Structures are given as structure tokens and as C-alpha cells.
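S.K.: Coordinates for the following, if possible.
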Amino acid sequence: MDKVGILVVSKSLSAAAIIDTFSRSDKYSPQFFVAEKQVNPANFKAATEHVVIQDLDVAQVAKFASKNKRRIDFGLTDTEDFVTAGGRDLVEKETKVPMVCVTKKFAVEASKADQRLLFDEICPEANPRYAVFDPKAQAEPAAVSRFKRFLDEIESGVAIKPDAPARGAGVGVSGSDFGTEEEAVEFFKNVFSKGRVVVEERLEGEESSFHAFSDGKHFVPAPLTRDYKRALDGNKGRLTGGMGSYRGKSDVLPFLSLSDWEAAVDLETRAFERWKGKGSDPGLRGIILYDALMHTKDGFKILERNSRGGNTEQICILTTMVDDYVDVCFRMVQGNLKGIRFSNKASVVTCAVPLSYGTGGPAAEPVAVDLSRAIALSKRSKGSVRVFPMDLRLEGGRTIMGTSRSVAVAGLGGSISEAHAESVAGVRALSGPFRYRKDVGSNADVERSRRHLRKLRA
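M.R.: Alright, predicted model coming up:
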């Protein structure tokens, strides 16, 4: 098999799944050049060359890539920090190694306010009502007065978001994080004191995550996925970076109709054409967007746009990709990505997290964990259980738990129910002070979504 060198820039999010997908190639023998924030056990084991860059400084990443550029064919990343900092721009300038992610120009994840302004241009019908508040433009009393007026206009309540990416932290939603006007004002003032704020109408419905791959000219949607953002079962608790996700056997989620899927693809495709302009723009290469959609009684709106794949949703997509991922990336670099094939298997990803994650409690002391039983189960399962370390690090011969999501366990099956059972079995085989959401992709939660949306649209 032909050797292929792949640069992987990782924040210990979905890189283990990315590397695993490449490693399943039947045509190529991948060699991985990994630059990451810590020594992730899976990534380190797979790496031909490995370096720790704790802050993922793009200049240091470019230096590592330059050192190995003769052996690297392309690169990609699992973190928005690298993308929004212009990581692709610098690496390509210094090394000529093509990166399979967007350039800084298209990294709209850097600003929620800029996203809203972009949607006003390319897909205004999918933009919820919103207002932007900037402490550089007005003092707090004036901003609070304007915020109160906006509250009065929006009967359904609001979502308050920091302008900069916060991975759920600092986001507040009416009915979940505040109830009265006084509580909403206090929440708003706290976020406003730290910088620009975007306030949006609160939408009632069911969420999905829409991903698309591109070579800068062609637009290839991936199957819809469903993310679980809150810390506790029943969608309770604080917003987190995501506790898990699922996809069904087809492109459509089970609580949505084929027409919902077609409407989303149609609008996203037209918006992409307006975004890139005439011809081709290679700045839009890789997983160019990961949109959080809210399906309401009147269609859908875009809650936010991310400039890379979702941490858990991407795992659902990669574990069910039929095409060789190395070939897919080569086609994106070469500009001839006409399509990607996905299997008709369902995938459920459940995250095992520290007991304190998303609860507001004090962070636990670093402790050693053991993945051996879960990995043994994965080998016996012949691919239906896959274990991907996230915020874990090798230290003194032990695997140490960090403070964020520790392990993602993907379960695959002929139905979401079967995939859920496989995923939960993998999580239960882990040894350590973990907790997890038991309802990710559960029959009860899928049916709850179906009933809720049916009721809204009745």
C-alpha cells in the first residue's frame, strides 16, 4: 500500500476517531504527524512523529510541520482554535502542505455576531431575530435598557451568548438558566461585562447538526446528527461541549421528515454558493461548516455555525463513512469532491466525563483510569464498539484523566437502539470515576423528540 503522511493538529477532541478512520484504509498506509496539547494515549501510539504544544500556538505547529513537510501529504485538525487563529494560512505559507480545513477568512466561528451578519447576506430566512450589544459602543445602562426592550418584543424568551466561542460556557437560555426579567438582566450584565453579546430569540423545537464537506467548489452534505449539549439526562443541567450524539440509518433523523432534510440541504447549498462567490474558492475546504439547526413548527433556523466538525457528531459521521477517508481528503485538496458514501448503519456516541464536568462543582484531582476492558470489548465486537480517548494524557506510564470529556465510545448497529446498547456497553466497561448521559440515542429520547415536533406542527 502507498504511504501517506498526515498532519493532525489536536486538542484531544475527535482526533483519535479521525486517526482511526484513516487507519482503516484498504489502499493506503497512513503515517501520522501529531501536534497536540498533551500526550493522548491513542494519538501517541499511532504517531510516527509526536510533539506536545500545550497552547497549540500556530507558529509552533507550522515549525513542526516544516520539519516533516517532505513526509506530509496533507493535514487537518479537530479544534476551532487552530482554524480561527489562521492555522491553515500559516502552515500552508510556511510549508506548502495543504490543510483540509477552512482559512481564517471563512472561520466564522470566531464571532457569533459576525455569523448573524453573514446569515443576513446568504440565508436571511434561516436567521432568527437577534440583537448585538457591544460595550465599546455603549455603556451598560444604555445596553440594559435596549436589552429590556428586546425582551419585551420576544414573547418566546431569549438566548444570551458571548460573541466569542465559549463551547457552551456563558450561554444562557430563558426557562433553563433564568426565569424572570431580573434574572435575565443579571445574566446579560455578567456576559456584557466581558465583551460583545449576541441576544437571540429563543426557538422551540428539536435540534440537529448539519455538516458539509467541500473542496471549495462542490458542496457535499453529511447525514444529519443529533447532539446532547446539556450535562444531565433529560436535557437538564449546564450547557457543555457535548455529552454525545447519534445519527440514524439514513441521512434523516427519525423525528424529521424527508422534506425537512431536503429543505435543509437546499437552503444550505444555496447559502454556500452565495458564500463562496463565483467559481471555486479553495479557502472553503474540509468540513467547512457544522451548523446547529433548530427545527420549529415553521421550518428551521440556524442557531450557530462552527468552522470544523462537531466533537461528537463528527465521530458519528466518520464511523459510518464507506469511502476511504484518505481518498476523500485527496479529492478535497485536488478539487474533485463529487460525493461521499455513508453506510446505512446507525451510530451513537456516548461521552464518559469526570464527575464534576458540567456540574459546577470543583474539578477532581487528576486520577489514573483504565481503558483496557473497553478496548478488549471493542476488539471482540469487530467494529460495533469503538473507544476514542479524548481529554486523557499519558503520564509516568499511567493514563490520567483531565477535566473535560474523557472518552467517546461509539456504538454501531442496524438501528439507533442497537447502536445505543453497544455504546453504553462500551462506556460501562471503562474503569474510573466517570459519569455519562444514559439517554443519548435512547428509544425514549428519540420518541420524545418525535412527539414534541409532531405536537408543535399539529
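
S.K.: Pop the domain breakdown of this protein in here.
M.R.: The chain breaks down into these domains under automatic domain parsing: 2-101, 129-201, 206-457.

S.K.: Could I get those in CSV, plus columns for mean neighbour count, mean pLDDT and distance to I122?
M.R.: The way it works is simple: take the backbone N, C-alpha and C, and place the C-beta from them, glycine included. Shown next, in CSV, are these (neighbours: other C-beta atoms under 10 Å; pLDDT from 0 to 100; distance: least, C-beta to C-beta, whole Å):
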stretch, mean neighbour count, mean pLDDT, distance to I122
domain 2-101, 20, 98, 19
domain 129-201, 16, 92, 15
domain 206-457, 20, 96, 4
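
S.K.: Make a markdown table out of these and add distance to D114.
M.R.: What follows is the domains of the chain, written out as a markdown table (distance: least, C-beta to C-beta, whole Å):
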| stretch | distance to D114 |
| --- | --- |
| domain 2-101 | 11 |
| domain 129-201 | 8 |
| domain 206-457 | 10 |
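
S.K.: Compare those and give me the one nearest E109.
M.R.: Comparing the domains of the chain by their distance to E109 (C-beta to C-beta), the top pick is domain 206-457, with 4.0 Å.

S.K.: Could you tell me the end-to-end distance of the closest one?
M.R.: End-to-end span of domain 206-457 (C-alpha to C-alpha, to the nearest Å): 12 Å.

S.K.: Kindly report the same for stretch 365-382.
M.R.: 35 Å.

S.K.: chain center to it, what's the gap?
M.R.: Its chain's C-alpha centre and that of stretch 365-382 lie 24 Å apart, by C-alpha atoms, centre = their mean, to the nearest Å.

S.K.: repeat for stretch 398-408
M.R.: Relative to its parent chain, stretch 398-408 has a centroid offset of 18 Å by C-alpha atoms, centre = their mean.

S.K.: out of the domains of the chain, which comes closest to A110?
M.R.: Between these, domain 2-101 lies closest to A110; by C-beta to C-beta that is 4.2 Å.

S.K.: any idea how far the most centrally placed residue in the chain is from K96?
M.R.: In the chain, the C-alpha nearest the mean C-alpha coordinate belongs to G310, at 1.4 Å (C-alpha atoms, centre = their mean). Separation of G310 from K96 (C-beta to C-beta, to the nearest Å): 30 Å.

S.K.: The residue nearest to the centre of the chain: what's its closest spatial neighbour, skipping adjacent residues?
M.R.: Using C-beta to C-beta, 6 or more residues apart in numbering and skipping the chain neighbours, the partner closest in space to G310 is Y290 (4.8 Å).

S.K.: didn't that neighbour look like it was pressed against P221?
M.R.: No. Between Y290 and P221 there is no contact under C-beta atoms under 8 Å: 11.5 Å.

S.K.: Can you work out which residues contact both of those two?
M.R.: Counting by C-beta atoms under 8 Å, 6 or more residues apart in numbering, the residues touching both Y290 and P221 are F210, H211.

S.K.: F388 is in contact with L13, isn't it?
M.R.: No. In this structure, F388 is not within contact of L13 by C-beta under 8 Å, at 9.6 Å.
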